[in-house]
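# coords please:
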Amino acid sequence: MAQSPATGSSPTEAGAGNGVAGLSYEQARDELVQVVNELERGAATLEQSLELWERGEALAARCEEWLIGAKTRLDRARAAQNQQAQGESARAAE
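Coordinates of the predicted model:
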């Protein structure tokens, strides 16, 4: 099972129960593109369209989870880099 990008632990409930919790960002994104294309074709029945819509919502939530996690990781890395630079500046000023 994939790890949640934000926490490094099991994925949150955003994807629980609908089969998307273990998907990587790329897998969820690619499947979401397929769902959108199928919905745009309009050939599905109403029930199929509703199921596709629900699947698309779950896939979009999974993608968002990954993107939020990536932003969190970048923010932490930037903060650590800034903190290190400030420490080096303070030592150089002494």
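
# so where is the protein shaky, pLDDT-wise?
Low-confidence segments of the chain (pLDDT under 70): 1-17.

# mind checking the SS state of the residue nearest the centre of it?
Geometric centre of the chain, nearest residue: residue 66, 1.9 Å, by C-alpha atoms, centre = their mean. At residue 66, secondary structure determined by DSSP: H, G, I helix; E, B strand; the rest coil is helix.

# Tell me how many other residues surround the nearest residue to it once chain neighbours are set aside.
Leaving aside its chain neighbours, residue 66 sits nearest to residue 25 (3.8 Å; criterion: C-beta to C-beta, 6 or more residues apart in numbering). Using the backbone N, CA and C atoms, a C-beta is placed for each residue, glycine as well. A total of 17 residues lie near residue 25 under the criterion other C-beta atoms under 10 Å.

# residue contacts, residue 25?
5, 62-63, 66-67, 70 (C-beta atoms under 8 Å, 6 or more residues apart in numbering).

# so how far is residue 87 from it?
The spacing between residue 25 and residue 87, counted by C-beta to C-beta, to the nearest Å, is 34 Å.

# and if you look at residue 39?
52 Å.
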